[in-house]
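[1] Give me a 3D structure for the following:
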Amino acid sequence: SLKREIVDREAGQIKNAYLRKLGVWALFVWAILFVLTWTSTHFWLGFGPTDISLMILVSGSPLGTWLSFASRKVQLSFFDLSQIEDDRLDPSIRLIFVGLLTLTFGLFLNMGALNVEVGAFSAAGFTGSYYSAFLLGIMLGLAEKALPARMLDQANSFLSKAS
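    Numbering: from 1, shown residues only. Just a heads-up that it's a prediction; the model follows:
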């Protein structure tokens, strides 16, 4: 009952503090990518439509990562109070990690080495629509826990077929 009392008293404060910290970092990363994307579309910086789609794809991943934590950790346990995430990644490192995995996923899609289809949506066409790229980035951020294993499998598959 003491553990339950501690969880009841502290869980909300700890979860909200982590959500705020993750949210601030997510907003910061998104803002940098937004400025870079906006600048590259308004001033010629050598970026083509595919490059811009990749930047928009990656810019969706911080939002998805924030949503992932908020939806995964609905209730904290007693042990979550001291270590809110099992992998112990700091929010800024988590967002960089997910962003780089998202970029890698996008590059695999762009090369044709990977495709994901859900209903009428084909992820291979994300470069044709900035909305699709942003939505796909959000979805990859939401899948932040499954993304590393999927990308590792894809890399292993890619290398096993190399001659």
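
[2] who touches stretch 143-155?
    61, 64-65, 68, 72, 94, 97-98, 101-102, 104-105, 108, 113-114, 140 (Cβ atoms under 8 Å, 6 or more residues apart in numbering). In short, each C-beta sits where N, CA and C put it, glycine included.

[3] Can you pull out the low-pLDDT segments for the chain?
    7, 11, 44-45, 73-74, 76, 78-82, 86, 162-163 (pLDDT under 70).

[4] who's in contact with residue 71?
    residue 142.

[5] Give me the secondary structure label for it.
    Assigned with DSSP: H, G, I helix; E, B strand; the rest coil, residue 71 falls in the helix class.

[6] Also the one 4 residues further on?
    For residue 75, the reduced secondary structure class is coil; criterion used: three-state DSSP.

[7] Now the spatially most central residue of the chain: which helix or strand?
    In the chain, the residue lying closest to the centroid (Cα atoms, centre = their mean) is residue 141, at 2.5 Å. When elements are assigned from DSSP states H and E, residue 141 belongs to helix 130-142.

[8] and which of the contacts of stretch 143-155 is nearest residue 12?
    Using Cβ to Cβ, residue 72 is the member of those that lies nearest residue 12, at 16.2 Å.

[9] What about the closest one, how many residues nearby?
    11 (other Cβ atoms under 10 Å).

[10] Could you check how far the nearest residue to residue 89 once chain neighbours are set aside is from residue 120?
    The shortest distance from residue 89 to any non-neighbouring residue, by Cβ to Cβ, 6 or more residues apart in numbering, is to residue 97 (6.7 Å). Going from residue 97 to residue 120 by Cβ to Cβ, to the nearest Å gives 31 Å.

[11] And for residue 87?
    Applying Cβ to Cβ, the value for residue 87 to residue 120 is 35 Å.

[12] Those two - which one has more neighbours?
    residue 87 (10 against 5).

[13] how many other residues sit next to residue 27?
    If we define neighbours as other Cβ under 10 Å, then residue 27 has 14 of them.
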